[in-house]
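Engineer: Next input, structure requested:
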Amino acid sequence: SNNITLLFYFAALVLFVGLISGSYPAFLLSSYSPVAILSNTIMKSRNGYLRKTLVLFQFSASIVLLISSFIIYDQLQYILNKDVGYEKERIAVFDMRRMGVANQYTTIKNSLSQIPTVAGVTFSNQPANRIARRSTVSWEGSQGERDEMFVNFVDFDFFDTYGIELIEGRNFSREITTDLTDATVVNESFLRTTGMIDPIGKTFRRFGTNRTIIGVIKDFNFQTLHLPIEPVTFQIDPSFFQSVSLKLTSADINVSIDNIIQVLSNFSSGRPVNYYFLDTNFNQQYQSEEKLARTLQYFTFVAIFIACLGLYGLVSFGMGQKVKEIGIRKVLGSTIRGLTTHLTKDFVKQVVFANLTAWPIAYFLLERWMQNFAFHTNISLVYFIYSGGLTFLITLLLISAKTIKAASANPVESLRYE
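Structural biologist: Take a look at the predicted model:
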């Protein structure tokens, strides 16, 4: 999946930077003779370009991970809180596949409706978030064109129980007997796919029979948000009912479930009654995204910690090389504030450059990951700025103590430094 691929990219990035950063000092120090090390000529003979580059890579990797953590968490919150077009809170779905619903549909529904804490009862082939059955459809004016479309078999109360909005025409009616054999309700995507205008009263053919469109409902996400909303039609046929959805009041949920199970046990022939809550089932669809967000947080913490160690080492090394320069500047009248600014600006430039390097990489990876969702939030520049500001703040806090200490040193001692 795209989540695994993205996680692999991040892990490879952290591993690569870690290996390069760790290998450099190991190979470098092992190449020196003991005499050179003891005489301190290493410090004087080597420039710091490679060291700075490695620390830059470490910070760039950290920034990529930090930006990704922000945006992936934002996308996760978006899909968990998006209005999917139907109500999913306090709706319990019970499996009715082994209860012979078609022959007892009215009796079971009347019994469930009498429970005080049940606000709505509806039977269907599948609940609102699991429509999976497809069939071939040809429609009026299609000139022989056919298409595979979703279909769900529901009862009269399906749209009301789930709070699905009817935007044109009417709902199924018990008073109109032909609704059982002839009527159908379609969604907006059905109209876009077929090109129908003024659909009420028009027909399409499915399962060898014609169906007349009596209503149009607003599109809702009956699949995960990874997928676009597709055409779906609804018709009444108790012989296909496999589940019952019950909308519960805000009263004690556990008591409601116990009462429902007690009623359904009378029709289950001793089999266990299985159920789930729709909102919990909805959230479970995005477990891989939740795991990715948590794993990425750990990667980010480790990467930032390693980058801070590298930066602190670089600062310590730089201060060691500039001891005499600091002493001379203090003798010439430089203040602690001025010295701190002078010593800090080089490191700040590196962090700025690390951000400029990391931002396009993060955008490229996240833009590809977002393609995994038909519905997604925007990749906000705000999170890039947050990440840049956070790394900038960490850098200042990390190097301020070291630079202030160096700038506060006695210039006489600094000038004696070897």
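Engineer: what sits against Val352?
Structural biologist: Phe392 (Cβ atoms under 8 Å, 6 or more residues apart in numbering). In short, each C-beta sits where N, CA and C put it, glycine included.
Engineer: just checking, Tyr86 touches Tyr162?
Structural biologist: Yes. Counting by Cβ atoms under 8 Å, Tyr162 is a contact partner of Tyr86 at 4.3 Å.
Engineer: shared neighbours, these two?
Structural biologist: Both Tyr86 and Tyr162 are in contact with Ala128, where contact means Cβ under 8 Å, 6+ apart.
Engineer: backbone phi and psi for the nearest residue to Phe158 once chain neighbours are set aside, please?
Structural biologist: Counting by Cβ to Cβ, 6 or more residues apart in numbering, Phe158 lies nearest to Thr122, which is 4.6 Å off, once chain neighbours are set aside. Per-residue torsions, Thr122: phi -150, psi 140 (degrees, to the nearest 10).
Engineer: what's the distance between Thr122 and Ile115?
Structural biologist: Distance of Thr122 to Ile115, given as Cβ to Cβ, to the nearest Å: 14 Å.
Engineer: Compare those two (neighbour count), which wins?
Structural biologist: Counted by other Cβ atoms under 10 Å, Thr122 and Ile115 do not tie: Thr122 has more neighbours, with 23 against 18.
Engineer: partner residues bridging that one?
Structural biologist: Beta-bridge partners of Thr122, counted by DSSP bridges, are Ser245.
Engineer: residues in contact with it?
Structural biologist: Thr122 neighbours (Cβ under 8 Å, 6+ apart): Val154, Asp155, Asp157, Phe158, Asp160, Thr161, Tyr162, Val244, Ser245.
Engineer: Okay, and Arg271 sits in which element?
Structural biologist: Following DSSP states H and E, one finds Arg271 outside all helices and strands.
Engineer: you'd agree it is up against Arg98?
Structural biologist: Yes. Here Arg271 reaches Arg98: they are 5.6 Å apart, a contact under Cβ under 8 Å.
Engineer: Report how many residues lie close to Leu76.
Structural biologist: Residues near Leu76, counting by other Cβ under 10 Å: 16.
Engineer: so it is in which element?
Structural biologist: Secondary structure (DSSP H and E) places Leu76 in helix 49-81.
Engineer: Helices along the stretch 151-300 of the chain, start to end?
Structural biologist: Taking DSSP state H, counting those that start in this stretch, the helices of the stretch 151-300 of the chain run over residues 158-162, 188-194, 253-265, 278-284, 287-321.
Engineer: what's the closest of these to Thr341?
Structural biologist: When those are compared by Cβ to Cβ, helix 287-321 sits nearest Thr341, at 14.6 Å.
Engineer: Strands of the stretch 101-250 of the chain, start to end?
Structural biologist: 118-124, 134-139, 146-154, 166-169, 183-187, 203-206, 209-217, 232-236, 243-248 (DSSP state E, counting those that start in this stretch).
Engineer: which stretches of this protein have low pLDDT?
Structural biologist: Along the chain, the model assigns pLDDT under 70 to residues 1-52, 100, 102, 144, 310-311, 314-334, 336, 338-340, 342-343, 401-418.
Engineer: Dead centre of it: give me the residue that sits there.
Structural biologist: Leu76 (2.8 Å; Cα atoms, centre = their mean).
Engineer: And that one, how far from Glu290?
Structural biologist: From Leu76 over to Glu290 the distance is 6 Å, taken as Cβ to Cβ.
Engineer: now Asn103
Structural biologist: Taking Cβ to Cβ, one finds Asn103 at 42 Å from Glu290.
Engineer: nearest residue to Thr395 other than its sequence neighbours?
Structural biologist: Nearest non-adjacent residue to Thr395, counting by Cβ to Cβ, 6+ apart: Val351, 4.7 Å away.
Engineer: where's Ile379 relative to Tyr386, distance?
Structural biologist: For Ile379, the distance to Tyr386 - Cβ to Cβ - is 13 Å.
Engineer: More neighbours: these two, which one.
Structural biologist: Ile379 (18 against 14).
Engineer: dump the residue contacts of the more buried one.
Structural biologist: Shown in contact with Ile379 (Cβ under 8 Å, 6+ apart): Ile71, Tyr363, Leu366, Glu367, Met370.
Engineer: that's a helix at the second one, yeah?
Structural biologist: Yes. Secondary structure assignment places Tyr363 in a helix (DSSP: H, G, I helix; E, B strand; the rest coil).
Engineer: which residues touch it?
Structural biologist: Ile379, Phe384.
Engineer: now with 10 Å?
Structural biologist: For Tyr363, the contacting residues are Val64, Ile67, Ile71, Ile379, Leu381, Phe384, by Cβ atoms under 10 Å, 6 or more residues apart in numbering.
Engineer: again, but for the first one
Structural biologist: Taking Cβ under 10 Å, 6+ apart as the contact definition, Ile71 lies against 362-363, 365-367, 369-370, 376-380, 382-384, 387.
Engineer: Would you mind listing which of those residues are buried?
Structural biologist: With burial judged by 16 or more other Cβ atoms under 10 Å, the buried subset of those is Ala362, Tyr363, Leu365, Leu366, Trp369, Met370, His376, Ile379, Tyr383, Phe384, Ser387.
Engineer: Tell me which of those residues fall in helices.
Structural biologist: Taking DSSP state H, the ones among the buried ones among the contacts of Ile71 that sit in helices are Ala362, Tyr363, Leu365, Leu366, Trp369, Met370, Tyr383, Phe384, Ser387.
Engineer: and among the helices of the stretch 151-300 of the chain, the most buried is which?
Structural biologist: Ranked by mean neighbour count, the helices of the stretch 151-300 of the chain are led by helix 158-162 with a mean of 22 (mean count of other Cβ atoms under 10 Å).
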